[in-house]
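> sharing a sequence plus its predicted fold:
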Amino acid sequence: MNLKNEISRIIAHAVVSAVEDGIFPKEVSQVEAKVEYPRDQKFGDYATPFALESAKLIRKSPLEIGACLAKYLAADPRIGKVEVAKPGFINIFVSNSFLFNNLKEIIRQGADYGRSGNINPRRVNLEFVSANPTGPLNIVSARAAAVGDTIANLLEFTGDEVDREFYVNDYGNQVALLGASVLARIRELRGGQSVFPEDGYQGEYVKEIAAHIAETFADEINAIGDENRLIDFLAEKSVAYNLEQQKKDLEDFNVRFKTWYSERALHDKGAVLEARDILAQGNKSYTEEGKVFFRSTDYGDDKDRVLVRDDGRPTYFLADIAYHNDKIRRGYDLIIDIWGPDHHGHRARLSAAMKALGFSEENFNILIAQQVNLLMDGETVRMSKRMGRFSTMRDLINEIGVDVARYFFVMRSLESHLDFDLTLAKKESSENPVFYLQYAHARICSLFREARKRGVAYDPGESRRELLENEESLGLMKHLAKFPEEVLDAARKYEPHRITTYLMKLAQGFHKFYTEHRIITEDREQSISYLALSDAARVVMANGIKLLGVSAPEMM
RNA sequence: GCGCCAGUAGCUCAGCGGAUAGAGCAACGGCCUUCUAAGCCGUGGGUCGCGAGUUCGAUUCUCGCCUGGCGCGCCA
């Protein structure tokens, strides 16, 4: 039950009726009836500018049209009152009986309230984080992890099947460089002289990896005489080590991937060269100066991109095409990538490649997780793996906790730059918005503990509508009724921050209701009615918080 | 030079083409003998970067500027 959609349907139906009765010309049925939230609640729960937008067509004043339509709308039992306001807005008030029925529905559905079934679920591949396995996960990865996981939760909740996927860049120069860096550190550990590679990874963590590997694989290291083979060996072990750490960090962050897709495996099984051939066969590439170029300009890119270098080695881009071709072959209906800000320049070329591979444009989305400015004591902290000065996702979890971190990341829209003040987040954690939500949840749980203690037999079926017809209760019920549509909106637009905004308002509504009304009293029916409303608020709060991957404590 | 993202309250940010632009934090003033005060109520605080255009109507859409951040490898 999605109230906003229902309202939209009711309006469309009213228009059709008016056309049938000869009041409106029939072209009007083509006009889309938009439904929006009025700014001020005195303008109703929903409003439609339909009369304003169809005035020219109908050749009547918006106010007249509105008055006409209002009669038809008011016939629906879900609508309590319809008003037409100055320029021509039609303001719609939801009926109390609908709100009350919905309240019982929320309690009945429990954890499923807000879920939308989908007759044809889409198979979705959501790739996110995909950090290089050359070091610990950083703050931008944490942001992508929080937002990506929440988007996946939202899509699942709205009826899609989602596979969470992590692309492991375990191939190429960066990996070799890591191997060389580790080798240098191992030699240092062993008291020998070594030249640290130029552009090598200088972070302290490389020493930790070196120490770990030197100990675990001492025999193997000693046995390999050839320097390049040794670097390869160390690179492989270092990547495995980093990957394990990354996995652990993500699990501690409540993010679990179904698939860890190895770039190396893609090369090993020949998929990369196959992708080259597919593009060549479709005449989507050409050779020039010994290099193979993809005709990406045919698909909207600025310039053609190199797929194979003149020495025969494939580029990262070609591997990425092969990877996405593999995703297509695995039969996904919708493919979403979340990338870091440093990759946004690659958007056009990969979109071009997807088009060239015949995958429909609207089913492929690249979202960019914009940069995070990490502030410490008011100062920007530079984050660079190679410079070795950066703060990790692990630090973040340890310092402010999973709940606060996830909430903060999801709170802002993904494509906005984010200033994250670690010191502040930690210091002021008790005044954090996330606690505001959790507190509302815990408070309701506490109410029920109290009710049980006092022997109140709670049965939501015994609650009564008339006992909830006050400002705070009705306001809260209205907001609860909007949860399914908010969830659907957030899912369709990949905007999980809408959920945090919704939940803040829910918590506010509950706290206000709680302050104004004493829930448990001598009046049994009143108590049960208020408990039912609290129960519904708890259900929605719990469902919403769960979508964010944040915990909903029963006691604080 | 080109591209991406942003510019809204002191700070961090919401605002799906609509009505008097909001929240959190910060500041100030009230509210606990009674179900959790991590709460509630109130006050102050804005030329929505600037200029045009489209529209009945623009913070929202288009274009042009200005400012800030990032990216512009045949690295991954």
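Alright, I've got the coordinates. Residues are numbered from 1 along each chain as shown, chains lettered A, B, ... in the order given.

> show me the helices in the stretch 1-150 of chain A, by range?
Using DSSP state H, counting those that start in this stretch, the helices of the stretch 1-150 of chain A run over A:3-20, A:50-58, A:62-74, A:96-109, A:139-157.

> residues in contact with the second one?
I take that to be helix A:50-58. A:11, A:15, A:24-25, A:27-28, A:31, A:33-34, A:61-63, A:65-66, A:69, A:84, A:87-90 (C-beta atoms under 8 Å, 6 or more residues apart in numbering). Just so you know, the C-beta spots here come from the backbone N, C-alpha and C atoms, and that holds for glycine as well.

> is that helix positioned near RNA strand B?
Yes. Counting by C-beta under 7 Å from any atom of the strand, RNA strand B has neighbours in helix A:50-58: A:52-53.

> domains for chain A, by residue range?
According to automatic domain parsing, chain A is divided into the following domains: A:3-94, A:128-259+A:370-426, A:429-547.

> quick check: mean pLDDT across the first one?
Yep, that's domain A:3-94 we're talking about. In this model, domain A:3-94 carries a mean pLDDT of 88.

> show me the shaky parts of chain A.
Scanning chain A for pLDDT under 70 picks out A:376-390, A:427-428.

> now the helix or strand where A:E525 lies against helix A:96-109, angle please.
When elements are assigned from DSSP states H and E, A:E525 belongs to helix A:524-547. In terms of direction (axes from the mean of the first three to the mean of the last three C-alpha atoms, to 10 degrees), helix A:524-547 departs from helix A:96-109 by 60 degrees.

> helix A:524-547: which residues count as buried?
Neighbour-count burial for helix A:524-547 flags A:526-545, A:547 (criterion: 16 or more other C-beta atoms under 10 Å).

> so for stretch A:291-311, what gets flagged as buried?
For stretch A:291-311, using 16+ other C-beta under 10 Å, the buried residues are A:292-296, A:299, A:301, A:304-308.

> skipping adjacent residues, who's closest to the residue in the stretch 151-300 of chain A positioned nearest to RNA strand B in space?
In the stretch 151-300 of chain A, the residue that lies nearest RNA strand B is A:G172 (2.6 Å; C-beta to the nearest atom of the strand). Once flanking residues are discounted, A:G172 sits nearest to A:Y316: 6.7 Å by C-beta to C-beta, 6 or more residues apart in numbering.

> re earlier: deepest-packed of the helices of the stretch 1-150 of chain A, please.
helix A:139-157 (a mean of 25; mean count of other C-beta atoms under 10 Å).

> roughly how far is it from the heart of the chain?
4 Å (C-alpha atoms, centre = their mean, to the nearest Å).

> next: stretch A:130-145.
Worked out by C-alpha atoms, centre = their mean, stretch A:130-145 lies 16 Å from the chain centre.

> ok so, going back, make TSV from the buried residues of stretch A:291-311 and add secondary structure and distance to A:V195 to it.
What follows is the buried residues of stretch A:291-311, written out as TSV (DSSP: H, G, I helix; E, B strand; the rest coil; distance: C-beta to C-beta, whole Å):
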residue	secondary structure	distance to A:V195
A:V292	strand	36
A:F293	strand	37
A:F294	strand	38
A:R295	coil	43
A:S296	helix	40
A:Y299	helix	45
A:D301	coil	40
A:D304	coil	39
A:R305	strand	35
A:V306	strand	32
A:L307	strand	35
A:V308	strand	32
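
> distance to A:I221 added to these, as CSV?
Shown next, in CSV, are the buried residues of stretch A:291-311 (distance: C-beta to C-beta, whole Å):
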residue, distance to A:I221
A:V292, 38
A:F293, 42
A:F294, 41
A:R295, 47
A:S296, 44
A:Y299, 48
A:D301, 45
A:D304, 44
A:R305, 39
A:V306, 37
A:L307, 37
A:V308, 35
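
> between those residues, which is nearest A:I7?
Nearest to A:I7 among the buried residues of stretch A:291-311: A:Y299, at 40.6 Å, using C-beta to C-beta.

> the closest one and A:Y332, how far apart?
Distance from A:Y299 to A:Y332, counting by C-beta to C-beta, to the nearest Å: 20 Å.

> again with A:Q281
Distance from A:Q281 to A:Y332, by C-beta to C-beta: 23 Å.

> in the stretch 351-500 of chain A, what residue lies closest to RNA strand B?
Counting by C-beta to the nearest atom of the strand, the stretch 351-500 of chain A gets nearest RNA strand B through A:S446, at 2.5 Å.

> so what touches the helix or strand containing that residue?
Per DSSP H and E: A:S446 is located in helix A:433-453. Helix A:433-453 has contacts (C-beta under 8 Å, 6+ apart) with A:403-404, A:407-408, A:411, A:429, A:458, A:500, A:503-504, A:506-507, A:510-511, A:514, A:519-520, A:527, A:531, A:534-535, A:537-538, A:541-542, A:545, A:550-556.

> which ones among these map onto helices?
A:403-404, A:407-408, A:411, A:500, A:503-504, A:506-507, A:510-511, A:514, A:527, A:531, A:534-535, A:537-538, A:541-542, A:545 (DSSP state H).

> for the residue nearest to A:R464 when sequence neighbours are not counted, what are its contacts?
In space, not counting the residues next to it along the chain, A:R464 is nearest to A:S529; the distance is 5.5 Å by C-beta to C-beta, 6+ apart. By C-beta under 8 Å, 6+ apart, the residues touching A:S529 are A:463-464, A:467-468.

> of these, buried ones?
Buried residues within the contacts of A:S529, counting neighbours by 16+ other C-beta under 10 Å: A:463, A:467-468.

> up against RNA strand B, what does the stretch 1-150 of chain A have?
Looking at RNA strand B, the residues of the stretch 1-150 of chain A close enough under C-beta under 7 Å from any atom of the strand are A:36-40, A:42-44, A:47, A:49, A:52-53, A:85-87, A:89, A:91, A:132.

> mind redoing it with 6 Å?
A:36-39, A:43, A:47, A:49, A:52-53, A:85, A:87, A:89, A:91, A:132 (C-beta under 6 Å from any atom of the strand).
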